[in-house]
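Colleague: build the 3D model from these lines:
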Amino acid sequence: MSTSEQNNGTSYQPSEPKPCANNCGFFGSAATMNLCSKCFRDLRVAEEQAASAKAAVEKSFNPKPSQEESEETTNDRDQAEALASAADSAVPEELSTESAPSCTATNRCSSCNRKVGLTGFVCKCGSTFCGTHRYPEKHECASPYVVIVLIDQFLYSI
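Modeller: The predicted structure is shown next:
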């Protein structure tokens, strides 16, 4: 018996790949409605945005919803807030204008302004120091950790 006779009715016939329904040039899948993965993801995002916009419009037209509707809108609002926070976290830090980067030179000692290069030491107070000023006693460090250590050293010496 040959293998073709044995698998006559039970074998899986692979289908040829179908192009994406949006004609983007990639191949689609039956699981994704004949869309490629990117077009399918874009479609899902657009559907979610349309649903949240629809809920916002319905909320604006119905100022006093009933108890059941208010529970549904709070769920929709929670989902919209979650999507908004996810979208905000997806924005790279370089594009956000809320936190402006400080313009301090990290390659110079904060006490004597000497170039430190790769040998600079970053203190717990956040400043960079040279080998001479790297210890908290050598620069006026305002870190609470350093103050506690200095108090402990003083009490131990007594």
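Colleague: doesn't Ser37 make contact with Leu43?
Modeller: No. Using C-beta atoms under 8 Å, Leu43 is not in contact with Ser37; the gap is 10.8 Å. To be clear about C-beta, it is placed using only N, CA and C from the backbone, and glycine gets the same treatment.
Colleague: quick one, helices of this structure?
Modeller: Taking DSSP state H as the criterion, the chain carries its helices at 3-6, 37-61, 67-90, 144-157.
Colleague: where does pLDDT dip in the chain?
Modeller: Across the chain, the ranges flagged by pLDDT under 70 are 1-14, 63-105, 145-147.
Colleague: would you map out the domains in it?
Modeller: For the chain, the structural domains run 16-90, 117-157, going by automatic domain parsing.
Colleague: okay, how far is it across the last one, tip to tip?
Modeller: Counting by C-alpha to C-alpha, to the nearest Å, the length from the leading to the trailing residue of domain 117-157 is 36 Å.
Colleague: can you check stretch 20-33 too?
Modeller: Counting by C-alpha to C-alpha, you get 9 Å between the two ends of stretch 20-33.
Colleague: from here on, count from 44
Modeller: That works, and once the first residue is 44, the last one we named lands at stretch 63-76.
Colleague: who touches it?
Modeller: Stretch 63-76 is touched from outside by 60-62, 77-83, 86, with contacts defined as C-beta atoms under 8 Å, 6 or more residues apart in numbering.
Colleague: equivalent analysis for stretch 161-178, please.
Modeller: 149-155, 157, 159, 179, 181-182, 184-186, 188-189.
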